[in-house]
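What would the 3D arrangement of this be:
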Amino acid sequence: MSDEIRKPSFLVYYDNEVIVLRLSDDEAGRLFKSLFPYGREEIKPDFDDSPALAMAFDILSMAIDRDKEKYIRRCETNRENIEKRWVKTGKQSNTNVYASKQSNTNYTDKDMDKGNDKGNNKDNDMDNISTICPEPKDSALNPSGILLPLNDKSFYDVPLDKIALWKEAYPVVDVDQELKRIIAWLDSNPTRRKTRRGIERFINRWLAREQDEGGTYKNREYNQKADVEAALAKHRSNIDPPECPDGPFQ
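Residues are numbered from 1 along each chain as shown. Coordinates of the predicted model:
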């Protein structure tokens, strides 16, 4: 394990429950207590007196090692990304200094340093903005005119190709009608409106639920059948049964 990167915790998985339940309470306690020094300093316990306990420790310790390696790789990747960003920011700062010297030779070194600090702050702010949830800037190439309100008070113009895709994916759903229902729902629930990045996922969940429930067309057909049956039943109730002149038993 790297001396500089230390994982502050370890995980115990539900898959290991069947192994732990085979141990006595005393053995389970010894096993659990042994995981802390192993996870922190890789100190292995002496369980030669209990083969079952030794086997349980080997299985849990392998999971700890695997999680630790993933954590170290993730930390190293994050560190490399940060270093790349600093290198990029440094190059941009040098370019700003050179541009300052070219544009105005009357600037002093102090003035240029002050300008570089502003440039660095601006570059860092732009990096942060682009890193934290960037939103697509381009509007829909083939807008349908169906506008869904978003949480930033803008609107998502549903593309026609998306509507065609959803109609193919959810054949028993009246997609156009459901989009109108979504607009009404978003209008009535402004605090639960979606981001531009999450609105399509919300639409897909909505249409999938409608598909699972039988779809708009099926529900409409069911309602029509129910209306027909109700009309027939009412008609039948208005028809009196024919009288038998001789009676039923003569």
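
Now do the same for the closest residue in space to Lys68 that isn't next to it in sequence: helix, strand or coil?
Leaving out its chain neighbours, the residue that sits closest to Lys68 by Cβ to Cβ, 6 or more residues apart in numbering is Lys7, at 5.1 Å. Placement of C-beta: from N, CA and C, glycine included. Assigned state for Lys7: coil (three-state reduction, DSSP: H, G, I helix; E, B strand; the rest coil).

Spit out the contact partners of Lys7.
Neighbouring residues of Lys7 by Cβ atoms under 8 Å, 6 or more residues apart in numbering: Gly39, Asp67, Lys68, Tyr71, Ile72.

now swap in Phe155 and tell me
Contact partners of Phe155, counting by Cβ under 8 Å, 6+ apart, are Leu147, Leu148, Pro149.

For it, give its distance to Ala164.
20 Å (Cβ to Cβ, to the nearest Å).

so which of the contacts of Lys7 would you say is closest to Val172?
Nearest to Val172 out of the contacts of Lys7 is Asp67 (Cβ to Cβ; 44.6 Å).

Spit out the contact partners of the closest one.
If you count contacts by Cβ under 8 Å, 6+ apart, Asp67 has them with Lys7, Phe10, Leu11.

Can you tell me which of these is nearest Glu76?
For the contacts of Asp67, the closest approach to Glu76 (Cβ to Cβ) belongs to Lys7, at 12.7 Å.

and the closest one, how far is that from Tyr14?
The spacing between Lys7 and Tyr14, counted by Cβ to Cβ, is 20 Å.

now Asn189
36 Å.

now Ser24
Counting by Cβ to Cβ, the gap between Ser24 and Tyr14 amounts to 21 Å.

Same drill for these two, tell me which one is more crowded.
When Ser24 and Tyr14 are compared on other Cβ atoms under 10 Å, the one with more neighbours turns out to be Ser24, at 11 against 6.
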